[in-house]
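Student: structural data only, the sequence is not supplied:
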């Protein structure tokens, strides 16, 4: 039986918003980024709408000009562990870097979140693009872009290896004989590689979903290859339909070339929908979002993709400046996209900055209009679903209460959770433990004997 | 006004117990160490009894012979973040090593737990004593005992420095002017030391308690000096009254020598109370606890203080063997205590192993008898309070429901929480931010002008 293809929907939960001015909205709670009550309320909205997962972004380096949200916010694994205790169904996806962490610790904390939540954890793998991060972790320099992806491959493979330390039926709990576990089902990884040397085993078992699914956001060539081979879901910026569609086809092709079933790789553009009950409210809300973006903040925001480059040194109304290879070792994919667009459209610095900071017209409209766009992207091969990043303080509420019911009505999104784990929400199989005896091979023979 | 000295009480919350056989008790839930429901129930018991804090122990290296509880359990910061969302008052103390972690990450995750919980986090600083830990973190060797304490001093000082990145009133949230924070109140640590180089600032603010209090468990000379200088609370094994009393006096003296107020250093022996409603139940429960300790498990448990040394190679009924300096670089304090006692009392290997694994007769009795012992240790200068480590699956329930009311009745322990933060529970001041302008010096002058 083939299941009907369903939209995947995640909510990026953040406090005051990733933009610079979002906290200034009259309805914004300015300390939302460290308010448990706020995160709980957002998670409840997402879970009430049966969304597949909540997603927490992250970074590890701030300075005086960083966005308000970056300056002071919860660490992803701790806030998601708190949310694990007060939600029941929704997946919990934490962003954690591979460039400044130990695989043993990452494997363990995710496995702990995964067991706490009954199999709802997901790991969004990032490589960190701000070179200042190195200064917070005692590293002489930030690893080069290509090196970061080599680190990522090895880190993720070690984490996955550690997650298989215990086979699913390793714990026998026999109080009579005193056998707590079957020693044949405990495995020591013994990894020695280029960047990591990790013996194992991990001191925590697999959850009901086997392993947390891997999310990734690669847009550079290295990032795409990494994602195609390693990710279960891809978070990508949803620039416009044409780019999203080209990305979608490219990633599905790379996944197939890497020997994977492209259906098991969910491509989820991040979108910033602005929804209103009618055209007038749509325009009012769109204008509110535009008004939150000052040119000063947009210039700082632009710099972030170029390793926090200071763009105030260039004239605002001259053509977008030549910044050389500044972005190449930082947010490569994003900086390339910016330079390309500025050149193609012959934009000034001001226009470029505002283009990337201001809300787009895509996914702006009434519930029906936004649902139309979602349906188009989904059916025309540009997305398997979306990660919703709200712009206005009540943006998630507008989306879940107005748009999601339309998607359900159209049969694009389910009305109830069908499973209990994040993998089940995403239609992913439980990965078979690498050490487990092949059950499929044995079963027929055993059946024949029965 | 001098406040009446009150007992401090914490509950060590664990799943199946730190002993090897505790999971075999008929009432034990064998998967308790990864059951959120079980941890929540234990935290609820502790909070209903108004205990000051829940305490989660930890280690980072397992092998086939490790205790069932070590093999498969939640990671401390994630489980405590989950408990933060479902408790309201109780302190949340997580054990995290300094030998295999980055100060930036430790500072951040604790600050996140601290803000999540409204100022209830505490950090139990450990240096990790099992050399096998190095293999899980790609280190060529486990640092030597003295080195670990040098690392600890620097690590803790960096973490505390990062915790002061933002002054308490740094965030101004002025929506009109667009000033999110006062840049004069954001501070960059710029630490460069022997083991760590950490620039900062930290991307999260201080909580209502300023900084999580530091717990420590030093018993070696290095450990004692470290604790006397750095700890707000000390967790020590409560061997017997004489040793506890000597330790108490020694640590208070060392704290005074380090220039600290000895009253602000809470010394909290860990005890394993066994309580019954009457003498018959006491005996039955004590016997149940004894029966859970097999000689095979006791021998493995003994080895743990000597870096997992295999004691099965020695004859059980010969005098305790000479193992040289095996413990010196591992759990130095504990191994010295074992060797000393075995020699003093001329014990065999069997007797030594059982002595340290079996429950003691201290803190075993009816509620009144256990309260008597607690009162004696507290009033006679052997303890400022206790960390209760339950032996039987319902041990915490027996303690909170039977013993705590007696302590309250005697005026030794408060009947209600008096504050909201862990520091308030422990009678500790909020540490003034190191960068803050001295407010005390200004206040009198301002008053004179009024």
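Tutor: Right, received. Where do you want to start? Every value quoted in this text rests on a predicted model; they were computed, and no experiment measured them.

Student: just the terminal-to-terminal distance for stretch A:191-204.
Tutor: Chord length of stretch A:191-204, first to last residue, is 18 Å (Cα to Cα, to the nearest Å).

Student: and that stretch, what's buried?
Tutor: A:191, A:193, A:195, A:196, A:197, A:198, A:199, A:200, A:201, A:202, A:203, A:204 (16 or more other Cβ atoms under 10 Å in any protein chain shown). Using the backbone N, CA and C atoms, a C-beta is placed for each residue, glycine as well.

Student: which ones, among those, also lie beside chain B?
Tutor: Checking these against chain B by Cβ under 8 Å from any Cβ of the partner chain, the ones in range are A:196, A:197, A:198, A:199, A:200, A:201, A:203, A:204.

Student: wait, what's in contact with the fifth one?
Tutor: This points to residue A:200. A:104, A:161, A:162, A:165, A:187, A:188, A:189, A:190, A:191, B:136 (Cβ atoms under 8 Å, 6 or more residues apart in numbering or on different chains).

Student: now the strands for the stretch 201-350 of chain A?
Tutor: Assigned by DSSP state E, counting those that start in this stretch, the strands in the stretch 201-350 of chain A fall at A:214-216, A:233-237, A:266-271, A:274-276.

Student: quick one, the second one and strand A:266-271 angle?
Tutor: Orientation check (axes from the mean of the first three to the mean of the last three Cα atoms, to 10 degrees): strand A:233-237 against strand A:266-271 gives 30 degrees.

Student: name the strands paired with strand A:233-237 and say parallel or antiparallel.
Tutor: Note on strand A:233-237: by DSSP bridges, its sheet partners are strand A:214-216 (parallel), strand A:266-271 (parallel).

Student: cool, the last one as well?
Tutor: For strand A:274-276, the paired strands and their directions (DSSP bridges) read strand A:364-366 (parallel).

Student: give the rounded mean pLDDT of stretch A:329-338.
Tutor: Averaging pLDDT along stretch A:329-338 yields 80.

Student: what's that stretch in contact with?
Tutor: A:129-131, A:142, A:144-145, A:218-220, A:222-223, A:237, A:239, A:302, A:304-307, A:326-328, A:352, A:356.

Student: any low-confidence regions in the stretch 1-150 of chain A?
Tutor: A:1-3 (pLDDT under 70).

Student: how does it look with 90?
Tutor: Applying pLDDT under 90 to the stretch 1-150 of chain A picks out residues A:1-4, A:17-20, A:65, A:128-131, A:140, A:145.

Student: tell me where it has strands.
Tutor: A:8-12, A:53-56, A:91-97, A:121-126.

Student: chain center to the shortest one: distance?
Tutor: To tie it back to what came earlier, the one meant is strand A:53-56. Its chain's C-alpha centre and that of strand A:53-56 lie 7 Å apart, by Cα atoms, centre = their mean, to the nearest Å.

Student: next one: the first one
Tutor: The chain centre lies 9 Å from the centre of strand A:8-12; the measure is Cα atoms, centre = their mean.

Student: against which helices or strands is that strand packed?
Tutor: helix A:36-48, strand A:53-56, strand A:266-271, strand A:385-389 (3 or more Cβ pairs under 8 Å, 6 or more residues apart in numbering or on different chains; DSSP states H and E).

Student: with the longest one instead?
Tutor: Packed against strand A:91-97 by the contact rule (3+ Cβ pairs under 8 Å, 6+ apart) you find strand A:53-56, helix A:76-86, helix A:103-116, strand A:121-126, helix A:422-426.

Student: now these as CSV including mean neighbour count and distance to chain B?
Tutor: Formatted as CSV, the helices and strands packed on strand A:91-97 follow (neighbours: other Cβ atoms under 10 Å in any protein chain shown; distance: least, Cβ to the nearest Cβ, whole Å):
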stretch, mean neighbour count, distance to chain B
strand A:53-56, 26, 11
helix A:76-86, 27, 4
helix A:103-116, 27, 4
strand A:121-126, 27, 10
helix A:422-426, 25, 16
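
Student: what are the ranges of the helices in the stretch 251-400 of chain A?
Tutor: Counting by DSSP state H, counting those that start in this stretch, the stretch 251-400 of chain A has helices at residues A:279-291, A:295-304, A:332-344, A:349-357, A:367-379, A:395-398.

Student: tell me what angle the fourth one forms with helix A:295-304.
Tutor: Looking back up the chat, that one is helix A:349-357. Using the same axes, to 10 degrees: helix A:349-357 against helix A:295-304 is 80 degrees.

Student: run through who's touching helix A:349-357.
Tutor: So helix A:349-357 is contacted by A:19-20, A:293, A:295, A:297-299, A:301-302, A:311, A:314-321, A:338, A:341-342, A:345, A:347 (Cβ under 8 Å, 6+ apart).

Student: before we move on, the earlier item: between the buried residues of stretch A:191-204, which sits nearest residue A:115?
Tutor: residue A:204 (6.8 Å; Cβ to Cβ).

Student: as JSON lines, the strands paired with strand A:233-237 with mean pLDDT would be great.
Tutor: Formatted as JSON lines, those follow (pLDDT from 0 to 100):
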{"stretch": "strand A:214-216", "mean pLDDT": "96"}
{"stretch": "strand A:266-271", "mean pLDDT": "96"}
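
Student: now stretch A:15-30: how far from the chain's centre is it?
Tutor: 21 Å.

Student: and what of stretch A:48-65?
Tutor: Centre to centre, stretch against its chain (Cα atoms, centre = their mean), the figure for stretch A:48-65 is 8 Å.
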